[in-house]
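Chemist: sequence and computational prediction follow.
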Amino acid sequence: MDIDLNQVSFIFFLVFAGIVVGASLAVILHKNPVVSAASLVLAFFGLAGVYAIMNAIFIATMQVLVYAGAIMVLVIFVVMLLSLREETHLEIWKNPLKQAMIVLFVLVFLGIIISAVNYSSDIPKLPPQNGTSQPDYAYNLGQKEGLPLVAKGNTATVGAATFLEYLLPFELVSVLLLAAVIGAVVIAKRDKLRNL
Amino acid sequence: MLELFPLIILLPLLGAFINGLFYRKMPNLVAAWIGNLAVAIPFFITLGSLFAYHPMENTVPHLFTLFEWIHVGNFQVDFAYQVDQLSLYMTLIITGIGSLIHLYSVGYMHGEEGFNRFFVYLNLFIFSMLNLVLGDNLVLMFLGWEGVGLCSYLLIGFDYHKDSAANAGMKAFITNRIGDVGFAVGIFLTYWYVGSVRYVDLINALPYALPYKEIINWVALAFFIGAIGKSAQIPLYVWLPDAMAGPTPVSALIHAATMVTAGVFMIARLNPIFYATTWASDYIAITGAVTALFAATIGLQQTDIKKVLAYSTVSQLGYMFLAMGVGAYTAGMFHLMTHAFFKALMFLGSGSVIHAMHHEQDMRNMGNLKNYMKITWITFMIGTLAIAGIPPFSGFFSKDLILEKAYSHHGIGPILWGIGIAGAFTTAFYMFRLVFLTFYGEERIDVHVKKHLHESPWQITVPLVLLAVGAAFAGFLQVPHILGGGVHILEDFFKPVFEQSLKVADSWGITKEPHVISESTEWILLLISVGVAGLGIFLSYNIFQVKKTVPPKDEEFQGMAKVLYNKYYVDEIYDSTIIQPVMQISDALAEDVDQKIIDGSVLGIGRFFSGLSSYLRKLQTGIVGDYALYIVLGAIVVVFFLFYKGA
Amino acid sequence: MNLISGIPVPYYLSLAGIMFTIGMFGVLLRRNAVVIFMSVELMLNAVNLVFITFSKSTAQVGGEVIVFFVMAIAAAEAAIGLAIVIAIHRQKKTVHVDEMNLLKW
């Protein structure tokens, strides 16, 4: 593998990747659930940085807005609402046999993934559809007055693809969100008829 | 008249069905009428059909089908019937003598609590027997064969509270079944080689069977084994004497006139097979002759009146098989008919005696009954004279014909004749012993019984008289040539049935010409057989009438008499050599194999799965984390396979 | 093309794998329902990274669209899941998953 160590992006990648991994470890290892939640926010920020390195700007923005901004706020809200205390340290290491087994299996899993990824052949490149082969790709929208109409730029491309090619899934997801909203309200509602 | 023929078969079935459904509530009189009509009407239809069929000229059987039964590939068996001289002959005997016995049963079973049930079984028997003789294929014959076996079991064990009757019923059925294995094997072999089980197909196939000459012997032997069981020959005769535990009408109908003759009929019906045998027929003749003599010797010392008649039946059946074995099928069928008359007559007569003596059956407690029961006495005498072979009664003509045919048979003919003559002498002797002990001599009757001793009612005596007429005059259907030119109505009657197979056998050179015996030899044979019978009667008269000998009490039998009285200990031998080992094996199998191994494994499988599940359900801990672990494990396995073994 | 902005594709995929296994550890080892939920979010994000990686490397825009939808669905799932956690807490006064064993044999 030829790595251009001079590329700044590689250094940025290492930094952001390190943030992600470190914060993830903190999520699962810290006893205090509030600290876990905060670490997860940090992990999401790091991941957004990785997306940005990859030039997936739209997704990086969405990551910060939706995940770090909405979902994690919700989680911290719940943690505060339920007044979740610190877990005792021993909670994590209950039943040593089971823990050993889990650790072993997961590490095996990790090993499989990494070795497979590194030893696999070149990832095939499919011919571009509705886009050029440039990193900053574009979406062909058709012809207008003899000139090809193209949506350029990451956000435009993703938007064009969403609303033109993947319109049906988009609508279905909106229905899903509606269902989720109603469901969440129904499940969490306090039943007024019963005494708690 | 022939269109009404199906009624002959259906009416007895209908009678059994109606009586069977309502036998608890129906008054005795109605049941008796239904039962009797169900047999009497078929008799008259048969009589009419006999004339409509023109048996002396007609050579083609009349076939009709009631309904289809089995149609599987090439195997076709229907409820189809064949009306020809042979089946008409048998049907007349069955329905005729059957009606008389039905009438007799009304009188004999009067007042018994199972009266209605008796007629159900009787009608069912008639139906089965008619299927046996009228069917046009082997499978229908087998159906009738088994049906009469079943009815025999039901009727022998009719008084099921009596242990002896119940056991005798079982003995009869089981011994029959042993023979039936042979019959079934015969059917299989026949279908295998001929491709059909219908008699007309057998007759047509015979000319092409020359390459299978040897196999035919074995097929005949297989069928004969069935006949040994059903017709009580050595070694499967042991059920017949025990069957006397059933009511006397049953003994008369089934064990004298009809069911036991099924074996003889079968040989006549399967004449294509039996004519084409070489050594199997000799075996049949030898078995018949030896049985005739053997059973007669046992009858010499029996004290139960019905047992004497039972052994005489076995003996006379032996004569019939002797005739069939030497190829004299007409003679065998002739003797079948005359025997049906005089044996049924004697059984019914003994029933009359037993009924009048309040169920006393031991001859040592009888004597001088001729003064009390005149009709019974005279008719019984006629029957005894017939069986002894005294002219001009029927038994003389049929037995003489058999002995003559036996003598003129090639090879061992004269030896068979000698055995037959010895048997005839013994028969005359012990049958007249029966007569002298029962109807003559001193009165050894119990005082209480003597008070009510009188002749039996008309339902009993009328059949006796009718049968006596038959026993007296039926012989004139076939008179030997030397006696006034001879009458051969029966011979001509049966000719169409046998002539085709006879021709084929002749063309193969199997039927070696019997010695053509000269007229003088015939006269000598005739005189010897009459003389021997007369000698037997004379000796019997001497011993039992003049010297007034009475058989001793059971314990006092000695020497040879004791052996004969105990029937050569045959039953005991069978018990120790065959029955006990079989029972022990089945006990062992039932306990060790059935209970321990089979039940154990079946239950064991259940218990295994039960245990396995109670172990496996511990996986359901209810803790979600554990389930997540299982998911992860599964995912790892899948990933492993995908990456390293290829998707 | 095995490089996305100068970094080989396997590096991104390894990062995703590490994130995924860390999330898996969290799901299996932690006993607090909310923390388990957060670990699941980690796993989802790892998958998102994989999608983006392949979208960029094969120059297809479909992968990014999928990630957009996955985020929306994750939000919906978060709402429902946390509602359930709140409901359970109301009943059992705890969010310790070992206490929720009514499906025990």
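Modeler: Arrived safely. If you're wondering where the values come from, they're calculated on a predicted model, not measured in any experiment.
Chemist: got a list of what residue B:260 touches?
Modeler: Going by Cβ atoms under 8 Å, 6 or more residues apart in numbering or on different chains, residue B:260 touches B:230, B:231, B:232, B:240, B:254, B:313, B:317. C-betas here are computed from N, CA, C, even on glycine.
Chemist: count of neighbours near the closest residue to it other than its chain neighbours?
Modeler: Ranked by Cβ to Cβ, 6 or more residues apart in numbering or on different chains and with sequence neighbours excluded, the top spatial neighbour of residue B:260 is residue B:231, at 5.0 Å. Neighbours of residue B:231 under the rule other Cβ atoms under 10 Å in any protein chain shown: 29.
Chemist: what's the end-to-end length of stretch A:155-171?
Modeler: Start-to-end span of stretch A:155-171 (Cα to Cα, to the nearest Å) is 19 Å.
Chemist: stretch B:446-455 now?
Modeler: 17 Å.
Chemist: roughly how far is that stretch from the heart of the chain?
Modeler: On the basis of Cα atoms, centre = their mean, to the nearest Å, stretch B:446-455 sits 35 Å off its chain's mean C-alpha point.
Chemist: tell me the mean pLDDT for it?
Modeler: Stretch B:446-455 carries an average pLDDT of 79.
Chemist: equivalent analysis for stretch B:307-314, please.
Modeler: Averaging pLDDT along stretch B:307-314 gives 92.
Chemist: which bits of chain C sit near chain B?
Modeler: Listed as neighbours of chain B in chain C under the rule Cβ under 8 Å from any Cβ of the partner chain: C:24, C:27, C:28, C:31, C:97, C:98, C:100, C:101, C:102, C:103, C:104, C:105.
Chemist: 7 Å instead?
Modeler: Within chain C, the residues that sit near chain B (Cβ under 7 Å from any Cβ of the partner chain) are C:24, C:27, C:28, C:97, C:98, C:100, C:101, C:102, C:103, C:104, C:105.
Chemist: got a PyMOL select line for the buried ones in these?
Modeler: Here is the PyMOL command that selects only those of the residues of chain C next to chain B that count as buried (16 or more other Cβ atoms under 10 Å in any protein chain shown):
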select buried, chain C and resi 24+27+28+97+100
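Chemist: okay if I get the residues of chain C next to chain B as TSV plus pLDDT, secondary structure and distance to residue B:388?
Modeler: Listed next are the residues of chain C next to chain B as TSV, based on pLDDT from 0 to 100; DSSP: H, G, I helix; E, B strand; the rest coil; distance: Cβ to Cβ, whole Å:
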residue	pLDDT	secondary structure	distance to residue B:388
C:24	86	helix	109
C:27	87	helix	109
C:28	82	helix	107
C:97	80	helix	107
C:98	77	helix	106
C:100	76	coil	104
C:101	75	coil	100
C:102	76	coil	98
C:103	72	coil	96
C:104	73	coil	95
C:105	66	coil	90
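Chemist: in a markdown table: the residues of chain C next to chain B, plus distance to residue B:607.
Modeler: Shown next, in a markdown table, are the residues of chain C next to chain B (distance: Cβ to Cβ, whole Å):
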| residue | distance to residue B:607 |
| --- | --- |
| C:24 | 40 |
| C:27 | 39 |
| C:28 | 37 |
| C:97 | 36 |
| C:98 | 34 |
| C:100 | 35 |
| C:101 | 29 |
| C:102 | 30 |
| C:103 | 27 |
| C:104 | 25 |
| C:105 | 20 |
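Chemist: on the three-state scheme, the closest residue to chain C within the stretch 451-600 of chain B is what?
Modeler: Minimum separation of the stretch 451-600 of chain B from chain C (Cβ to the nearest Cβ) falls at residue B:600, amounting to 29.3 Å. At residue B:600 the chain is in helix, as set by DSSP: H, G, I helix; E, B strand; the rest coil.
Chemist: residues near it, how many?
Modeler: Applying other Cβ under 10 Å, we find 12 residues neighbouring residue B:600.
Chemist: measure it to residue A:79 for me?
Modeler: Distance from residue B:600 to residue A:79, counting by Cβ to Cβ, to the nearest Å: 61 Å.
Chemist: ok now stretch B:561-571, how far from the chain's centre?
Modeler: Relative to the chain's own centre, stretch B:561-571 is displaced by 23 Å; criterion: Cα atoms, centre = their mean.
Chemist: who touches that stretch?
Modeler: Around stretch B:561-571, the neighbours that count as contacts under Cβ atoms under 7 Å, 6 or more residues apart in numbering or on different chains are B:238, B:297, B:298, B:300, B:301, B:557.
Chemist: got it, and stretch B:397-405?
Modeler: Stretch B:397-405 is contacted from outside by B:319, B:322-323, B:326, B:328, B:331, B:334-335, B:338, B:389, B:417, B:420-421, B:424, B:475, B:478-480, B:522, B:525-526, B:529, using Cβ under 7 Å, 6+ apart.
Chemist: how does it look with 8 Å?
Modeler: Applying Cβ under 8 Å, 6+ apart, the contact partners of stretch B:397-405 are B:319-320, B:322-323, B:326-328, B:330-332, B:334-335, B:337-339, B:389, B:391, B:417, B:420-421, B:424, B:475-476, B:478-480, B:514, B:517, B:522, B:525-526, B:529.
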